[in-house]
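A.B. asks: Sharing a sequence plus its predicted fold:
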Amino acid sequence: MAGSQIVFDLQVGSNKDIDLFFEIHNNTGDWMKRSSFPACFDCEHFRGAKVGTCDAFPEDIPEQIWLGKFHHDKAFPGDRGFRFQPSDAIEFLSVDELAKLLNINPKTIYRALWSKSLPAYKFGRTWRIARRDIEHFRK
């Protein structure tokens, strides 16, 4: 039996759009990721949603890899010797958690979210920021 499905639209980098599909697993109530989420997001070399690049391709991740037409566990022209390497789970912070971590007012975080200078994911009315995207915000 299929679970409930929610679709999120996410812009990554300057020209990369992806759709995220999540569904609630009926037996456990857990969220399960499904669909064409780029494998790059699960690679330890990925530099985060704002820049949409990685250590292998610091300028722009090739479309064949980004769209999943080529799994980057083999050599790809211009990859500088880097290959897909699974990363640990992505840690997400709430606005309040991030404000406390950076010792700033949560309103500052919201202004950054609204101006799109801080990449984030919005689930309903709640914002979540990937810990690895914080360094780009600090600069």
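C.D. replies: Received it, and whenever you're ready, just let me know what you need.
A.B. asks: Touching, residue 52 and residue 63? I think so.
C.D. replies: No - the criterion here is C-beta atoms under 8 Å, and residue 52 misses it with residue 63 at 11.8 Å. C-beta coordinates here come from the backbone N, C-alpha and C atoms, glycine included.
A.B. asks: the more surrounded of those two?
C.D. replies: Under the neighbour definition other C-beta atoms under 10 Å, residue 52 and residue 63 were set side by side, and residue 52 has more, 22 against 11.
A.B. asks: what's the spacing between the more buried one and residue 58?
C.D. replies: Note on residue 52: its distance to residue 58, by C-beta to C-beta, to the nearest Å, is 11 Å.
A.B. asks: got any residues that touch both of those two?
C.D. replies: Common contacts of residue 52 and residue 58 (C-beta atoms under 8 Å, 6 or more residues apart in numbering): none found.
A.B. asks: Name all residues that make contact with residue 73.
C.D. replies: By C-beta under 8 Å, 6+ apart, residue 73 lies in contact with 83, 84.
A.B. asks: Tell me which helix or strand it sits in.
C.D. replies: Here residue 73, judged by DSSP states H and E, is contained in no helix and no strand.
A.B. asks: how about the strands in this structure?
C.D. replies: Listed in chain order, the strands of the chain (DSSP state E) span 5-12, 16-24, 31-34, 92-93, 121-123, 126-130.
A.B. asks: Could you pull out the buried residues of the fifth one?
C.D. replies: The neighbour-count criterion (16 or more other C-beta atoms under 10 Å) identifies residue 121 as the buried residues of strand 121-123.
A.B. asks: mean confidence score for it?
C.D. replies: Throughout strand 121-123, pLDDT has a mean value of 79.
A.B. asks: so what strands line up beside it?
C.D. replies: Next to strand 121-123 in the sheet, as set by DSSP bridges, lie strand 126-130 (antiparallel).
A.B. asks: Kindly report the domain assignment for the protein.
C.D. replies: 1-89, 90-139 (automatic domain parsing).
A.B. asks: ranges for the helices of the protein?
C.D. replies: Along the chain, the segments classed as helices by DSSP state H run 63-66, 95-102, 106-114, 134-138.
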